[in-house]
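> Provide a 3D model corresponding to the input given below.
(2 chains)
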There are 2 protein chains.
Amino acid sequence: MYQVIEGGVAAASGFRVGHTAAGIKYRERVDMALLVSDSSCAAAGVFTRNVVKAAPVLWDRRIVREKGTARAIVVNAGIANACTGQRGLGVCGKTADCAARALGLAPEEVLLASTGVIGMDLPLDRICAGIGAMASDLQSGPVAGHRAARAIMTTDTSPKEAAVTLTLDGKRVTIGGMAKGSGMIHPDMCTMLCFITSDCAIEQSLLQQALATVVPDTFNMISVDGDTSTNDTCLLLANGQADNRRIDRKNEDYEAFVKALSAVCGSLARQMAADGEGASCLFEVKVRNARSDAEARILAKSVVTSSLTKAAIYGHDANWGRILCALGYSGVDFDPDRVDLYFSSEKGKIQLVKDGLALDYSEAKATDILTAPKVTAICDMKQGDHEATAWGCDLTHDYVTINADYRS
Amino acid sequence: MYQVIEGGVAAASGFRVGHTAAGIKYRERVDMALLVSDSSCAAAGVFTRNVVKAAPVLWDRRIVREKGTARAIVVNAGIANACTGQRGLGVCGKTADCAARALGLAPEEVLLASTGVIGMDLPLDRICAGIGAMASDLQSGPVAGHRAARAIMTTDTSPKEAAVTLTLDGKRVTIGGMAKGSGMIHPDMCTMLCFITSDCAIEQSLLQQALATVVPDTFNMISVDGDTSTNDTCLLLANGQADNRRIDRKNEDYEAFVKALSAVCGSLARQMAADGEGASCLFEVKVRNARSDAEARILAKSVVTSSLTKAAIYGHDANWGRILCALGYSGVDFDPDRVDLYFSSEKGKIQLVKDGLALDYSEAKATDILTAPKVTAICDMKQGDHEATAWGCDLTHDYVTINADYRS
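From the prediction side, this is the model:
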C-alpha cells in the first residue's frame, strides 16, 4: 500500500534539481530544468512511436537500451529539437558534454529532453550557460521540485507533480515525478515529457517492465488533441538510496512498487488532461463490461478524442448521440442495442441511455451535472467484464486561439 | 471524356424532384426532399461502417443488396433517426408506405435518408404530410435540383451539387448529384448524405462496382472532424433513359462512366470539405511518391485530420512541424530525412522543408500564400511513385461555437 505525499521529482532521497531562465525562446521566463542523482540510477524509459523522433528521444533511447543507467536529466522548453537532423543530434552530444563537465559525470550518464517548436535549432551557448547556472545551485525537496515542474511548462497553465511513499522490506521508499502537457498530446507509448524518480533499489530490467506495465493504463489513456508528439518521453530513474532489499524478481515488493508507480503516473496523466490546451474541464470516459481490456481502452479513447463530443462537453450539452457514434466508429464490434450511458460529476449522476435508447431524462439536470470541473461519461457495454478509463478535456475556443497562433 | 454542366440531382433524363418545409425540427426552413425516377432504376449504395447504424441506413442497405432497384428517395434534415431501435425501423417502413401510396410504387422501391440530431424520434405525421405536398409538385431541371440540395442542409452554409455529361455509344449520358455535410464528417465508405442520378443504361452490379471504385479516392478522402457518422449514405440511381447500349461488362463505356462519376463525386467531396462546420478555407493535402496508394491515402488523411495542423491553417501559420508530426504518427513507416514539404494556393507556391530540414524561407510569403480560400500542402515522400489527395478544412472558433450548442 502506498501513501500520497506532497512533492514531485525531487521527493525521493538523493535527487536534487535546479531551474533557470536561459532565454532559449521565451523571454523572462524559466525554461530549463536539471535533475541530478547523487549516485548512479537504474534508468527506464518509454518514448514516442511517431516515425519522426526528436533528437533527444534518439539520444535517450540509445542510453536506456544500451546502458540502462544514468545520473542526470537536462530539460528545456521553447524549442523541441525535432526535425533538426544530424545538426540536432550534434547539439545533443554537446549538451551532454557540457552537463557532464559541470557535474563531473560521463556524457552517457546524461539524459536529455526538449519541448516546444519543431524545426528550430537549439542555441547551444544559452543551453550551456543555463546548465552552468543550475549545476551550481541544485536543491532537494518539494519547493525545488515545484520550481523545476514550472520550468518545463510550455502552454501548460499549471505544473504537474505527484509523489507517493510505500514501505518495502521495512524501508520507506519514495516515488515522485513531474510532467508537462498540454498540446500535441495523444501519447503512443508515453506522453510529452515526464520525469519520475525513486530511491527504490530495483533491477533495471524490472524497472523498465514496471514502467511498461503502468503506461498503457495511464499516459496512453489521455488525449488532448489526437496529435502524437515527436518528443514524447517518460523517464524513470531509481537510485536505490531507500536501502530496501533490492527488487530482483516479480515478488510482492515488485507488485507494491508497480501499484505505487501507477498512482504517480495516473495522477500526472489526469493533471495533464485537465490542463489540456484551452481546457475548461477534465473529461473522463469510463468503459465498463467490455469483452477485453484492449477493446475497453479503444472504446474509451475513441470517445475521449471525438471532437464533436468534446465540443458538446464544453457547451454542457448532454449530446449522448455523439458518444454512441464515437463508440460505433472506434473499430470495436458491439451490439448498440445493449449499451447504457450515464454522465456523472460532483453535482450528481444521471442515466441518459438504456439498451441503446434515450431515456426520458431531464436536460436541465444533465446540463447542471455537466457544469463541473470534472465530468465523467460512463459507457456500460454489457458484453463482458473488462473496463478502462480515458482522460481528456473539452474542445474550446481557447484551444483554437492557442493553436492558430502558437509560434508567434 | 466528360463535360461539366450546370445542375445537380435532377439533371439526368427522367428524374424529378421536390422539396418542402415539413417542420420536422427546424421551423420555417425547407427540410425535406423527394427524388423520383419516371422508370425503374438500377440502385447502388455505400453506407457507413459505424457499428451504430441509423434506421434508414439499415433500410437502404437491405434494398440495395437484396433487390438492387429503386424508384424514389425520401430525405429529411433535422432528425437522424439514429439510435432509435425498432421504433426507428418502424418509422422507416411507414415512411416508405406513405411515399409508395403517394407515388403509385411499392414500398421496397423507396429509399430513405435522414440527417440531424441522433436519438430523437421522427414525427411520422409531418413526414407523411411533407411527402404528400412534394409528390404533387415534382419538377425536373437545375432549379428544382438546386432547391432539393438546399432542403437537405443542416449546418451546411451552401448546397453541394455537381453534374457532367458524356457521350456513350453516340448517346448523351448525364450524371448529376447532390450532397450535404458538414459536421460528423469523416466518411468510412461514404459520406454523410449524397444522392447521384444518371440516365445511363448499366447493369446494377457494374453500377455498384463503379460507385465502390470512386468512393475511396473521393468521399473517403475528406474529413471535417474525424467523426464517422451513423448515417453516412451515398446512393446512385441509373434509369437507362439515355438509351445508350446497356453497359454489361467492363468495356470502354464502363471506364468512361467511372471517370465521369469520379468527377461528380470528387466535386461534391471537395464542396463538402470546403463547407465543413465553421471552415474558413478548403485545406487540401497532396501526398506524392509514397510506396503504395494505400500508404499515400493514410498519410494524406493523417495530415488533413490533425487538429493542430488545422488550427495552424486557420491562423495562416506555416507551422510545417505539425505536418511532419502528423505524417509521423499516421502508422506508415518512412524515412523522415527524405521528406520535402510545400504550401501552395492561388497566391503562389513555397517550399518549406527539404530532406526533412527547414529551408530558410520567408514567413511573410508563406503567410500570404496561406491566406486564400483554398490552401494546399504538398508532401513529397520520395520513396515510391504513388499519390493521394485528401480534403478537409481549418479548425476555427466557429467550429467550436457550432458544436458546443448544436442541439438548442
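
> Please say whether there is contact between the longest strand belonging to chain A and chain B.
In chain A, taking DSSP state E as the definition, the longest strand is strand A:32-47. No - shown here: strand A:32-47 not in contact with chain B (Cβ under 8 Å from any Cβ of the partner chain), separated by at least 12.7 Å. Bear in mind the C-beta positions are built from the backbone N, C-alpha and C, glycine included.

> for stretch A:122-129, same thing?
No - shown here: stretch A:122-129 not in contact with chain B (Cβ under 8 Å from any Cβ), separated by at least 13.5 Å.

> Helices along the stretch 151-300 of chain A, start to end?
A:204-214, A:252-274, A:293-304 (DSSP state H, counting those that start in this stretch).

> From the chain's centroid, how far away is the longest one?
I take that to be helix A:252-274. Distance, stretch centre to chain centre, for helix A:252-274: 11 Å (Cα atoms, centre = their mean, to the nearest Å).

> which SSE is A:Leu324 in?
Assigned by DSSP states H and E, A:Leu324 belongs to helix A:320-328.

> Show me what the helix or strand following that helix is packed up against.
Using DSSP H and E, the next helix or strand after helix A:320-328 towards the C-terminus is strand A:340-345. If contacts are counted by 3 or more Cβ pairs under 8 Å, 6 or more residues apart in numbering or on different chains; DSSP states H and E, strand A:340-345 sits against helix A:320-328, strand A:348-354, helix A:363-370, strand A:374-380.

> The third one vs chain B: in contact?
No - using Cβ under 8 Å from any Cβ, we find that helix A:363-370 stays clear of chain B, coming within 8.8 Å at best.

> buried ones in that helix?
In terms of neighbour count (16 or more other Cβ atoms under 10 Å in any protein chain shown), helix A:363-370 has its buried residues at A:Ala366, A:Ile369, A:Leu370.

> Surely the first one touches A:Ala318?
Yes - with the criterion set as Cβ atoms under 8 Å, A:Ala366 and A:Ala318 qualify as a contacting pair; they are 3.6 Å apart.

> Contact partners for whichever residue of the stretch 101-250 of chain A sits closest to chain B?
When scored by Cβ to the nearest Cβ, the stretch 101-250 of chain A has A:Ile118 as its residue closest to chain B, at 2.6 Å. Going by Cβ atoms under 8 Å, 6 or more residues apart in numbering or on different chains, A:Ile118 touches A:Ala54, A:Ala80, A:Ala82, A:Cys83, A:Thr230, B:Asn319, B:Trp320, B:Gly321, B:Arg322, B:Leu324, B:Cys325.

> Using a markdown table, lay out the residues you listed together with distance to A:Ile5.
Formatted as a markdown table, those follow (distance: Cβ to Cβ, whole Å):
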| residue | distance to A:Ile5 |
| --- | --- |
| A:Ala54 | 32 |
| A:Ala80 | 32 |
| A:Ala82 | 35 |
| A:Cys83 | 40 |
| A:Thr230 | 34 |
| B:Asn319 | 40 |
| B:Trp320 | 44 |
| B:Gly321 | 38 |
| B:Arg322 | 38 |
| B:Leu324 | 41 |
| B:Cys325 | 36 |
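
> now those residues as a markdown table including distance to A:Phe219 and pLDDT?
Formatted as a markdown table, the contacts of A:Ile118 follow (distance: Cβ to Cβ, whole Å; pLDDT from 0 to 100):
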| residue | distance to A:Phe219 | pLDDT |
| --- | --- | --- |
| A:Ala54 | 17 | 93 |
| A:Ala80 | 18 | 92 |
| A:Ala82 | 19 | 92 |
| A:Cys83 | 23 | 91 |
| A:Thr230 | 16 | 85 |
| B:Asn319 | 25 | 91 |
| B:Trp320 | 27 | 93 |
| B:Gly321 | 22 | 91 |
| B:Arg322 | 21 | 92 |
| B:Leu324 | 23 | 93 |
| B:Cys325 | 18 | 92 |
